[in-house]
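Engineer: Mind folding the following:
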Amino acid sequence: MTRLRRRLPSFLAIAAALLAAGCGGIFSDTPHRPLYQLKPAVTFRAPMRPIAAQLLVALPSAPTGLDTNRVALSRSAMSLDYFADAEWSDSAPVIVQSALVDAFEKSGAFPAVGRDNAGLRADFILETELRDFTAVYDSPNAPPRVTVALTLKLIKIPDRKIIAQHTVLRQQPAAGTTIPDIVQAFNAALSGAVEEAVRWTAGIPALLSSRAPLS
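Structural biologist: Numbering: from 1, shown residues only. Below is the predicted model:
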């Protein structure tokens, strides 16, 4: 009996260590979520008059809840949550910056467009605040409505003077309640938002003096 009592603490220590190791393996693993990309389909039916100025697009700022690769949803004006079974391929600000750069390049309005972290020199920089990037559930039984909201500021370099400011708001109802349906709604809303951003930027009166001569 005495020998059993002496061995019991050792057995308990080993069992506790094994249990802790097992629990560590369970809770340390990051849940695997399918990744989704956004590919905004921005097209400009008529060529835009070119501007003889180079433009940089800054990485959008965003509140903590949106500065993530989680796909955000909201069920009330004061709530923010995330889909458990979906993630973006990159953070929302990076996705928006990439979409803006791509849209400016497709427009042909500027001779050169780049990201502000590329170390390039430019005449203007477009700073953006990502105000909303969520799937909003207005009704418990209906598909969500995706909202994309941006605040744009065009800044002249090098004096850092704000030339103009504009707010873009696009909403797109999802065709269904599945994740692919919701991703398509995000894609449509973002497409409209970046196209509006390009058209607004190219039409700013302060840029008229930077118009390239028509050939």
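
Engineer: in the chain, which spans are strands?
Structural biologist: With DSSP state E as the definition, the chain shows strands at residue ranges 35-36, 54-57, 70-74, 81-88, 112-115, 124-136, 145-156, 161-173.

Engineer: looking at these, which is closest to L100?
Structural biologist: Evaluated over the strands of the chain, closeness to L100 peaks at strand 54-57, with 4.9 Å, by CB to CB. C-beta coordinates here come from the backbone N, C-alpha and C atoms, glycine included.

Engineer: buried ones in stretch 50-59?
Structural biologist: Along stretch 50-59, these residues count as buried under the neighbour rule (16 or more other CB atoms under 10 Å): 50-51, 53-59.

Engineer: For F110, the count of nearby residues, please.
Structural biologist: Neighbour count for F110, taken as other CB atoms under 10 Å: 25.

Engineer: I'd like to know how far the residue nearest the centre of the chain sits from I182.
Structural biologist: Taking CA atoms, centre = their mean, the centroid of the chain lies closest to A92, which sits 1.9 Å from it. As judged by CB to CB, to the nearest Å, A92 and I182 stand 14 Å apart.

Engineer: Could you do A41 as well?
Structural biologist: 17 Å.

Engineer: Can you pick out the residue with more neighbours from those two?
Structural biologist: Between A41 and I182, counting by other CB under 10 Å, I182 is the more crowded of the two (24 against 9).

Engineer: rewinding a little: ok, the buried residues of stretch 50-59 vs G203, which is closest?
Structural biologist: Within the buried residues of stretch 50-59, proximity to G203 (CB to CB) peaks at I51, which comes in at 10.0 Å.

Engineer: Which residue ranges make up the domains of the chain?
Structural biologist: Domain ranges of the chain: 1-30, 35-210, per automatic domain parsing.

Engineer: Mean pLDDT for the ones you listed - can I get that in CSV?
Structural biologist: Listed next are the domains of the chain as CSV, based on pLDDT from 0 to 100:
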stretch, mean pLDDT
domain 1-30, 46
domain 35-210, 92
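
Engineer: right, so the ones you listed: which one is the most enclosed?
Structural biologist: With neighbours taken as mean count of other CB atoms under 10 Å, these reach their highest mean count in domain 35-210, at a mean of 17.

Engineer: how far is it from where the chain is centred?
Structural biologist: How far domain 35-210 lies from its chain's middle: 7 Å, per CA atoms, centre = their mean, to the nearest Å.

Engineer: where do the helices sit along this structure?
Structural biologist: Applying DSSP state H to the chain gives helices spanning 2-28, 92-107, 179-202.

Engineer: just the angle between the last one and strand 70-74, please?
Structural biologist: When you say that, I think you mean helix 179-202. Inter-element angle recorded for helix 179-202 and strand 70-74: 90 degrees (by axes from the mean of the first three to the mean of the last three CA atoms, to 10 degrees).

Engineer: Now helix 179-202 - C-alpha only, PDB.
Structural biologist: Presented in PDB, the C-alpha positions along helix 179-202 are these (Å, rounded to 0.1, in the frame of the first residue of the first chain):
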ATOM      1  CA  ILE A 179     -20.600  32.900 -48.600                       C
ATOM      2  CA  PRO A 180     -20.000  33.000 -52.400                       C
ATOM      3  CA  ASP A 181     -23.200  35.100 -52.800                       C
ATOM      4  CA  ILE A 182     -21.900  37.600 -50.200                       C
ATOM      5  CA  VAL A 183     -18.400  37.700 -51.700                       C
ATOM      6  CA  GLN A 184     -20.000  38.600 -55.100                       C
ATOM      7  CA  ALA A 185     -21.900  41.400 -53.400                       C
ATOM      8  CA  PHE A 186     -18.600  42.700 -51.900                       C
ATOM      9  CA  ASN A 187     -17.000  42.500 -55.300                       C
ATOM     10  CA  ALA A 188     -19.800  44.500 -56.900                       C
ATOM     11  CA  ALA A 189     -19.900  47.200 -54.200                       C
ATOM     12  CA  LEU A 190     -16.100  47.600 -54.300                       C
ATOM     13  CA  SER A 191     -16.100  47.800 -58.100                       C
ATOM     14  CA  GLY A 192     -18.600  50.700 -58.000                       C
ATOM     15  CA  ALA A 193     -16.700  52.400 -55.200                       C
ATOM     16  CA  VAL A 194     -13.300  52.400 -56.900                       C
ATOM     17  CA  GLU A 195     -14.700  53.500 -60.200                       C
ATOM     18  CA  GLU A 196     -16.400  56.500 -58.500                       C
ATOM     19  CA  ALA A 197     -13.100  57.300 -56.800                       C
ATOM     20  CA  VAL A 198     -11.200  57.300 -60.100                       C
ATOM     21  CA  ARG A 199     -13.800  59.500 -61.900                       C
ATOM     22  CA  TRP A 200     -13.900  61.900 -58.900                       C
ATOM     23  CA  THR A 201     -10.100  62.200 -58.800                       C
ATOM     24  CA  ALA A 202      -9.700  62.800 -62.500                       C
END
